[in-house]
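*Asks:* coords please:
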Amino acid sequence: MPRSNRSHGRAAKAREPHPELDVDRLSAGWRRTETRDGREWNVQPVSEAQAVKRYVCPACGLEVAPGVAHLVVWRADGVLGDAADLASRRHWHQHCWKIGTR
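*Replies:* Reported below is the predicted structural model:
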């Protein structure tokens, strides 16, 4: 059988998913900033496919189950800095965040 002069590495690399074209990431939504009660909040939607762990919603106290789309929320204007704000993020039901129950 004749030898191929084509590199098989390029063909395999072309089939790898491109991170900027990740459909789950694009469909999950984009982080946004919202103002509530005079405070700035980062709000990041989490799609059903990305929701793989259990959390407790801080508003209603009920479980945010795996496979349920929800929101991750953390302060955007905290005085202790970004790392502390990110460490204190919480997972909310979309409805609970929308109605503003705290």
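*Asks:* which parts of the lengthiest strand in the chain are buried?
*Replies:* The longest strand of the chain (DSSP state E) is strand 39-46. For strand 39-46, burial by neighbour count (16 or more other Cβ atoms under 10 Å) applies to 41-46. Every residue, glycine included, has its C-beta placed from N, CA and C.
*Asks:* What of stretch 61-70?
*Replies:* 64, 68-70.
*Asks:* Same check on stretch 90-100?
*Replies:* Those would be 91-94, 96-97, for stretch 90-100 by 16+ other Cβ under 10 Å.
*Asks:* what's the span of it, first residue to last?
*Replies:* Criterion Cα to Cα, to the nearest Å; first-to-last residue distance in stretch 90-100 is 14 Å.
*Asks:* Over to stretch 43-62?
*Replies:* Stretch 43-62 has an end-to-end distance of 19 Å (Cα to Cα).
*Asks:* For that stretch, buried residues please.
*Replies:* Buried positions in stretch 43-62, judged by neighbour count with 16+ other Cβ under 10 Å: 43-47, 50-51, 55, 57, 59.
*Asks:* and of these, the nearest to residue 83?
*Replies:* Set against residue 83, the nearest of these by Cβ to Cβ is residue 44 (16.3 Å).
*Asks:* Tell me what the closest one is bridged to.
*Replies:* residue 72 (DSSP bridges).
*Asks:* is it true that it touches residue 69?
*Replies:* No - Residue 44 is beyond contact range of residue 69, at 11.7 Å (criterion: Cβ atoms under 8 Å).
*Asks:* hang on, the earlier thing: in strands, which of the buried residues of stretch 61-70 fall?
*Replies:* 64, 70.
*Asks:* For the protein, just list every one of the helices.
*Replies:* 8-15, 23-28, 82-87, 94-99 (DSSP state H).
*Asks:* Many thanks, we can stop here.
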